[in-house]
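Q: Sequence plus the predicted model coming up.
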Amino acid sequence: MANPSTDEAAKIELARLVTELCVVRGKVTLSSGKEADYYVDLRRATLHHAAAPLIGRLLRRLTADWDYVAVGGLTLGADPVATAMLHSAAADGMVLDAFVVRKAVKEHGMQRRIEGMEVAGQRVLAVEDTSTTGGSVLTAVEALGEAGATVVGVATVVDRGTGAKEAIEKEGLPYRYLLDLDDLGLA
Ligand SMILES: O=P(O)(O)OC[C@H]1O[C@H](OP(=O)(O)OP(=O)(O)O)[C@H](O)[C@@H]1O
Ligand SMILES: O=C(O)c1cc(=O)[nH]c(=O)[nH]1
C-alpha cells in the first residue's frame, strides 16, 4: 500500500512498517535499566522515507483536538517525530514549530536546554517515539515547565504498555499513542 488515504489504512500501514523495520526480538537492556525480551527500534521508522510521513500525519490527527503551536521532546527519539509533524503541517499549509529538549544544558554557545523556538508562554505538545516508563518524556515535560511552556499533552508512536500512561497521567497530562503491542503482534 503506497499511499494510504484513510487514517485506518495509514495506521495499518504504519503498524506493518514498524513491525517489519523495528521489532528486534531478544534480551535487551532498556533506557530505564529494566530488561526486556524485545526492542522496538523506532528510529528505523521515524527516519524512514515511508514511515516518517505517516507518523507525522497520524500524530497530528491523533492530537487534532489539542491546542498547541509547537512540538518536541527529549532528544534523540523525539526529534524526528517532531519534525515529521512539522513537515506534515507545512504540507497542509499550516504552521507548527518544533523544539528539541537536550538531556543537559549545552555548555557553550547559547547554553540552552531547549533548542529551536522560544517555548516560554507557549502551548506545546510533548512527543516520544517509544514510551516504556514515560521517564524520558517526563524529563522533557519538566524542562518545558521550567522554561515557562504549558504542555497540553503527551503523544507517542509506540506504547509498550509498561507504565508510561499511568506515570504521565499521574502528572495531570493526557496521553495518547498511535500503536500498542497488539498492533505490532507483541501482546
Ligand atoms: O519511557 P522510557 O522508559 O523513558 O523509555 C523510552 C525512551 O528510551 C529510548 O531512548 P533512549 O533513552 O534509548 O535514548 P536516545 O533517544 O538518546 O536514543 C526511546 O527513544 C525513549 O526516549
Ligand atoms: O525502553 C526503552 O529504552 C526502549 C524500548 C523500546 O522498545 N524501544 C526503544 O527505543 N527504547
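A: Right, received. Where do you want to start? Ligands and ions are numbered 1, 2, ... in the order given.
Q: Helix, strand or coil: sort out Pro60 for me.
A: No Pro there; residue 60 is Arg. Under DSSP: H, G, I helix; E, B strand; the rest coil, Arg60 falls in the helix class.
Q: for Val119, that is, sorry about that
A: Val119 ends up coil, using three-state DSSP.
Q: quick one, what contacts it?
A: 70, 99, 144, 147-149 (C-beta atoms under 8 Å, 6 or more residues apart in numbering). Every C-beta, even on glycine, is put in place using the N, C-alpha and C of the backbone.
Q: hmm, try it at 10 Å
A: 69-70, 72, 97, 99, 101, 143-145, 147-151 (C-beta atoms under 10 Å, 6 or more residues apart in numbering).
Q: what about the helices in this structure?
A: Taking DSSP state H to define them, one finds helices in the chain at 7-22, 43-46, 51-62, 78-91, 135-146, 164-170.
Q: What helices and strands are in contact with the fourth one?
A: Judged by 3 or more C-beta pairs under 10 Å, 6 or more residues apart in numbering; DSSP states H and E, the packing partners of helix 78-91 are helix 43-46, helix 51-62, strand 70-74, strand 97-101, strand 114-116, strand 123-131, helix 135-146, strand 150-159.
Q: Can I get the helices of the chain in TSV including distance to ligand 2 and mean pLDDT?
A: TSV is the format used below for these (distance: least, C-beta to the nearest ligand atom, whole Å; pLDDT from 0 to 100):
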stretch	distance to ligand 2	mean pLDDT
helix 7-22	8	97
helix 43-46	7	98
helix 51-62	14	98
helix 78-91	11	98
helix 135-146	8	98
helix 164-170	9	98
